[in-house]
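In: sequence plus the predicted model coming up.
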Amino acid sequence: MIVQHVESPFSRFPDARHTPLLLIAHADGERTEGLRRSRLSLGLPEPIIVPYEQLLAGIPLHEAAERAGLPTGIAPFIRLDAPGEHFGVERALIALGSPQRDDGDALLPLRERRDPYRLSEQAALSLGEQPVRLMHPSQWFRGFCRLLDRIRTEAAEAWPQVRFWHDPADIATMFDKRACHRRLSAAGVKVPALLAEPETLTGYEAVREAMFNKRMHRVFLKLAFGSGASGIIAYQINPRTGAEIATTTMGAEVYVQRPGIFYNSKKVRSLTDSEQIRTLIGYLCGHGVHAERWIPKASLNGRPLDLRQLVAFGEAGHAVVRVGESPITNLHLRSQRVSPAESGLSHEALTAAKNEALAVMRAFPASSSAGIDVLTDRQTGQPYIADVNPFGDLLRRVRHEGLDPYDWEMKRWMEVGADTTGSLQGGTQA
Amino acid sequence: MTEIKLEIGYEEYENGQKMETLIEELAEKPEAEQLSSLIIGSWGGAYEDSSESIAAELVRLKDRFPALRSLFIGDMDSEECEVSWIMQSDLNPLFAAFPELRSLTIKGSTDLALGEVKHAKLEELTIICGGLGKSVLASIASAELPALKKLELYIGIDNYGFDGDIEDVMSVAKPGLFPNLVYLGLKDSEIQDEIAAAIAQSDILDNLETLDLSEGTLSDEGAEALLASEKVRRLPKLDLHYHFMSEAMTRRVATELPNADVSDRQETEKYDGEEYRYPALTE
C-alpha cells in the first residue's frame, strides 16, 4: 500500500518520529528530564533543549537551537515548558516587561491596562531572590508575553514550516485567567459566572460593590496570571452583618512610604480584618484580577475537592482529584490526592468533567495539551472549568493506560502525528 | 431506615427556590410516612435567611412524618456557608412537635435558641458550631431529657458566639442531670484545658462510655489533669484527637491511657512571644 503524504485536516501535527522536538525550558529540572526520559524510552531522539536563559540573554532562537544540535534547515516541533521556579528567568522576564522594552505587546491580553509601579530594566535586574515573595506579577507577565511573541516571530522567520506544541498566543491566553475565561465563555465551555468585567474591578470597594449588586456574596479572586494557589483569595461577605472573610495564602507587609511586600505563605489563613483584606484585594486589582463565583465544590469527608484533567492531542488522559483542607484545593502542601474512583464523584460527574476538559482544548485548536482544573458543583454535579494550565502535565505518580503523563503524550503525538495520514479517520492505513 | 437530605444549591436559591417548598413537596410524597431520618442541608443564603420558617414548616407538617426519629438542621459545610454565619432560630417548637424523635443535630449557633427543653425520648443531642452561646447552654442545663444517652456540644470560641465561661459549660455536665448519659462531648473549645480539669474528677464519668474532649485547644495542662484522675483512667473511651499536647505528653497519654485517641496533634503557633491555639472548627 502506498502511503500518501497528504496533509489531512487531522495531521496538523508533524510526524513524531522524524521531527525534532525543540524544548524551550529550564536546562535541567523535573519537566525537562521527564520528557527526555520519555523520548528515550520510546526510541525517539532526545529533545533539543534551548534554555529560557539563553533566549533572555538575547541569543536568537534559531541560533540557540542550532547550537543545541538542531540540524540547519529542519523545522522543529517547538514545545515551551513552564518558565517558573527559576529566579534568574523570573527576574529577566520582569526586566523584559519594563518600560524600556515597550514594544506594543502584541500577545498581551488586556494590554490597555497599566501595571502598577513599573520597574525599570535596571531595577528589575537588581532584584534579589526572596522565595515566597510575589515579585511583580503584571510586569512579569508582560515580559513573558513579549518573549512568547519573540519566539513566535523568530521561529516563523527561521522555519516557515514550524509548528508549536502550544501556539504562543494560546499560552498567553491560557495564562491570563481573564482572557481564558473570555475565550472559554465565548466557546460555550462551562465556567463559573464572572463577578464583573475585570476592567471595572479597580479595588476593594469596586469588588464589594459588584458583590452586593449582583448578590454574589461568595467569590474567588485570582491574580490574573498566578499559578497554583498563588494570589488566590476565597472571599465572602455577609450581607446581613457586614462581616467578611478572606481565605488565602497571601500575606502583606505594608509600608507608608513605598509599595508593600506581598507574599504567598504556606498556610491558608482566614482573615476577617477589613484593612488587611482591603490591602490584599487592592494588590490583586492593581496587577489584574479575575473574579468569579465561588462554586460550592463537591467534597470528600467534608473536604472540598477538584479535578486536574490532562488532555493531549484531543484525548483525555491522566486525572487526579485533589482534596483540600480549605476552599483553595490546588494548594500543593495541604492537598491530598486521590484517584477519581476514590473521590466519591459519580461516574456521570467524572464523565462530564472529562468532556468539559475536552471542550476546553477545542477552544484552543492550535494547542496540543493542557492540565485543566475542573470543579464539580456539589448540587448538580455540573463541571466548571477553574483553570487551564498549558504546562499542567507534570503529574507525579499517576498513570493512564499504564503510562506516565510524558510517555502518554509522546505516544499520543506518535498516533496523531504519524506519517500515515488519515489514521485518525480510521481509513487508509499503510 | 430511610433517610432524605433536602438542600438548595446556589442556582436554585438565586432562582427563588425555598426549603419550605421542598419540605412541603416531601410531605406530599408517600415516602414521607416511612421517613425516619431527615437532613436539612443548605437552604441557600443561610448567612442571611434563618432556619425559622423551616422549623415552622416542619412543625406545621409534623403529622406527615410519623416515623421521623432523626433530624439534622443545617448540614452544610464551608463551601456553602461558614459555620459561624449559619442563621439558626428558636428551635424549641420541634421538641413538642416530634415526641418520637431520638436524635437531633443542629449546625450553626447564630440566633439559636432552645428554650425550655422537655422531651421524653430524645437520646442524642448534637450542636455543631463555632461558638455556643450561654443561653443555649442554660437551656440544656435545665433540660428534661430523661432518655438522653449522647450529648455532643461544640463549645467554640468567643469570636463565634461562645459568651460563657467554664461554669456555663460545666452546668450541662452535672452528675444526674441526664441519668442515661453514656457519651459526653464538650469539644472544639478554646478553654479545653479548663474543661478537662473541671471534668476530670466529676462523678459523671462513672457512667460514661465515651468522654469526647476532641478538636479543642487541649494542651499539656489539661492532659495532666486527665492523667491524674482515676475516673478518667477507667473510661472505656477518651477522644482527644486534634490537640496541642507536646510530643512527650502525647506519648505519655497514649501509654498511660490506652483508650485515648491522641491522633491529629497540632503545633502551637508562636507569634510575637504569644502562643496561639485554635479549635478545629474555627481555624
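Out: That came through fine.

In: run through the residues of chain B sitting next to chain A.
Out: Within chain B, the positions near chain A by CB under 8 Å from any CB of the partner chain are B:7-12, B:14, B:42, B:45, B:47-48, B:77-80, B:82, B:85, B:87, B:283. Using the backbone N, CA and C atoms, a C-beta is placed for each residue, glycine as well.

In: show me where the chain has helices.
Out: By default, I'm working from chain A. A:30-41, A:52-56, A:61-67, A:87-96, A:121-125, A:137-158, A:168-175, A:177-186, A:204-214, A:274-287, A:347-362, A:405-416 (DSSP state H).

In: I was thinking of chain B, sorry if that wasn't clear
Out: Secondary structure of chain B (DSSP H): helices located at B:10-14, B:19-28, B:52-60, B:92-97, B:134-141, B:166-170, B:192-199, B:220-227, B:230-233, B:247-256.

In: I'd like to know which of those helices is closest to A:Val191.
Out: Ranking those by proximity to A:Val191 (CB to CB) places helix B:10-14 first, at 14.3 Å.

In: mind listing what's buried in the closest one?
Out: B:10, B:12-13 (16 or more other CB atoms under 10 Å in any protein chain shown).

In: repeat for stretch A:160-175
Out: A:162-175.

In: closest one of these to chain B?
Out: Nearest to chain B among these is A:Met174, at 26.1 Å by CB to the nearest CB.

In: what's the distance between the closest one and A:Asp407?
Out: 23 Å (CB to CB, to the nearest Å).

In: what subset of the residues of chain B next to chain A is buried?
Out: Here, 16+ other CB under 10 Å leaves B:7-10, B:12, B:42, B:45, B:47, B:77-80, B:82, B:85, B:87 buried among the residues of chain B next to chain A.

In: any weak-confidence spans in chain A?
Out: Scanning chain A with the threshold set as pLDDT under 70 gives A:1-11, A:331-334, A:418-430.

In: list the contacts of the residue in it that chain B sits nearest to.
Out: Chain B sits closest to A:Gln379 of chain A, with a gap of 3.1 Å, by CB to the nearest CB. By CB atoms under 8 Å, 6 or more residues apart in numbering or on different chains, A:Gln379 lies in contact with A:296, B:7-12.

In: which two of these have the greatest separation?
Out: It's B:Glu7 and B:Glu11 that sit farthest apart of those, by CB to CB, at 12.2 Å.

In: measure B:Arg233 to B:Asn259 for me?
Out: Look at B:Arg233 and B:Asn259: by CB to CB, they are 9 Å apart.

In: how about the residues of the stretch 251-400 of chain A by chain B?
Out: Contact residues, the stretch 251-400 of chain A versus chain B (CB under 8 Å from any CB): A:270, A:293-297, A:299, A:302, A:304, A:327, A:377-380.

In: and A:Leu300, what does it touch?
Out: Taking CB under 8 Å, 6+ apart, one finds A:321, A:323, A:338, A:342-344 in contact with A:Leu300.

In: again, only this time at 7 Å
Out: Shown in contact with A:Leu300 (CB atoms under 7 Å, 6 or more residues apart in numbering or on different chains): A:323, A:343-344.

In: could you do B:Leu122 as well?
Out: Counting by CB under 7 Å, 6+ apart, B:Leu122 touches B:101-102, B:104, B:145, B:147-148.

In: so which of those residues comes closest to chain A?
Out: For the contacts of B:Leu122, the residue nearest chain A by CB to the nearest CB is B:Leu104; the value is 20.2 Å.

In: that closest one: how many residues sit nearby?
Out: Residues within reach of B:Leu104, counting by other CB atoms under 10 Å in any protein chain shown, total 22.

In: beta-bridge partners for it, please?
Out: On the basis of DSSP bridges, B:Leu104 is bridged to B:Leu71, B:Leu125.

In: for stretch A:382-393, measure first residue to last.
Out: 24 Å (CA to CA, to the nearest Å).

In: avg pLDDT for stretch B:183-196?
Out: For stretch B:183-196, mean pLDDT is 98.

In: and residue 31, how many neighbours?
Out: Defaulting to chain A. Count around A:Arg31 with other CB under 10 Å applied: 18.

In: can you look at chain B instead?
Out: By other CB under 10 Å, 10 other residues sit near B:Glu31.

In: list the contacts for it?
Out: So B:Glu31 contacts B:Thr2 (CB under 7 Å, 6+ apart).

In: returning to what we had before: pLDDT added to the contacts of B:Leu122, as CSV?
Out: Listed next are the contacts of B:Leu122 as CSV, based on pLDDT from 0 to 100:
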residue, pLDDT
B:Leu101, 98
B:Arg102, 98
B:Leu104, 98
B:Leu145, 98
B:Ala147, 98
B:Leu148, 98
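
In: one step back: from B:Tyr13, how far out is the residue of chain A closest to chain B?
Out: Distance of A:Gln379 to B:Tyr13, given as CB to CB: 10 Å.

In: could you list the residues in contact with stretch A:193-207?
Out: For stretch A:193-207, the surrounding residues in contact (CB under 7 Å, 6+ apart) are A:110, A:178, A:181, A:210-211, A:214, A:216, A:219, A:221, A:278, A:281-282, A:285, A:288-293.

In: meant to ask about stretch A:79-97
Out: By CB under 7 Å, 6+ apart, stretch A:79-97 touches A:21, A:23-26, A:31-32, A:52-53, A:56, A:119, A:121, A:124-125, A:127, A:129, A:135-136, A:139-140, A:142-144, A:146-147, A:165-166, A:171, A:227, A:391.

In: middle-most residue in chain B, spatially?
Out: In chain B, the centroid-proximal residue (CA atoms, centre = their mean) is B:Ile127; its distance is 2.4 Å.

In: run a quick neighbour tally on B:His119.
Out: Count around B:His119 with other CB under 10 Å applied: 22.

In: quick check, nearest of the buried residues of helix B:10-14 to chain A?
Out: Distances from chain A to the buried residues of helix B:10-14, taken by CB to the nearest CB, are shortest for B:Tyr10, at 6.1 Å.
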